[in-house]
Every structure is written in C-alpha cells, then in structure tokens.
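J.: With the sequence up front, the predicted model follows.
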Amino acid sequence: MTGQVFFNLLDANSDTESEQDHLTGYLNLACVKAADFYRQNQRVFIFCDDQQMAHKIDELLWAFDANSFVPHNLPGEGLNSGSPVEISWQAPTNNRNILINLSGQVPSFASQFSQIIDFVPTDEALKKLARLRYRAYQQLGFNVSTTPAVQAA
C-alpha cells in the first residue's frame, strides 16, 4: 500500500501579521483539518515538535464552538483506545490512518499512516525544512502532492 502526503502551502497574505499570529493561524488550520477528518469518521494523530505545541493544539480544539466539538486527548488522558484525535510529541500509541505532521521532521513512524497532512510555511528557513520532508516522504514511497491551504475564517 502506498500512502499519500498532502502538503498545504500556507499563504503569505499579510506582511503585518506577527509570528505568533502566524503560528496560531497555522495551528488553527491543523485543528480545522483534524475536525474535518473526525467528521468523516477518521482517526487522526497530530504530531507536534514538543509538549508546548501539543498543549496549544489541545487548547485550540477546546475553543471550538460547542456544535463542532472534536473529541481529542493528550498522552495519558482518556480511554486506552484513545479519542478520535490524539495529540502528541511522542510516537502514537493507537492505530490511526491519518497523520497531521506539525513537526519540522518526518517522524520515524510516518510509514504506518496511509495519509499524511503536512504544511509549507511562508518563512524561508521553514520552507527549506518542508522541502527536506517532501523528499524524505518520497524516499519512503509516499505519493506527494501540494495544494494551497484553505484558511479557516
């Protein structure tokens, strides 16, 4: 089975946007994607660079409108089988078919996913890391494509 990686090209539409605003927008987009997959009855793993980023994603998902709640958990929370959306800076503990990669690296466990969502930030240094991830995914045998990211309103 060959997996698919979708790189979302983030829009550099605002030069006045602070780095913190950009990061929040980027993480919010990851949350919106996780919510979309959840509504399609998909189990999602959001991989973060560190615990701080994982907690930020957790906070953003809790802030969703009550009508669009996304069941999610951090490591050590919830049932043994995990929530539909798991957020971590560590390897997954449950089987999932979708990975949303927010890390600067391709995780060592990427091959266990059939679909991966990744992002190409507007920052040049981060773009270089995205290009390295793109090539790494290809070397792992994934079909890789890019698409403009649709920002949440």
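T.: Sure, I can see it. Computed from a predicted model, the values in this text were never measured in an experiment. Numbers count the residues shown, from 1 in each chain.
J.: what's the closest non-adjacent residue to Leu140?
T.: Once flanking residues are discounted, Leu140 sits nearest to Ser111: 5.8 Å by CB to CB, 6 or more residues apart in numbering. (C-beta placed from N, C-alpha, C; glycine too.)
J.: What pLDDT does the model give that neighbour?
T.: As predicted, Ser111 sits at a pLDDT of 93.
J.: got it, and Asn67?
T.: pLDDT, Asn67: 69.
J.: can you check Gln151 too?
T.: On the pLDDT scale, Gln151 is placed at 53.
J.: is it fair to say Leu99 lies in a strand?
T.: Yes: under DSSP: H, G, I helix; E, B strand; the rest coil, Leu99 falls within a strand.
J.: who touches Gln115 in this structure?
T.: Gln115 sits next to 3-6, 97-99 when contact means CB atoms under 8 Å, 6 or more residues apart in numbering.
J.: With Val5 as the reference, measure out to the residue most central in space within the chain.
T.: Most central in the chain under CA atoms, centre = their mean is Ile100, positioned 2.7 Å from the mean C-alpha point. Distance from Ile100 to Val5, counting by CB to CB, to the nearest Å: 11 Å.
J.: again, but for Phe45
T.: Going from Phe45 to Val5 by CB to CB gives 14 Å.
J.: With Gly82 instead?
T.: Distance from Gly82 to Val5, by CB to CB: 23 Å.
J.: Now do the strands in the chain.
T.: Assigned by DSSP state E, the strands in the chain fall at 4-9, 44-47, 72-73, 85-88, 98-101, 115-120, 143-148.
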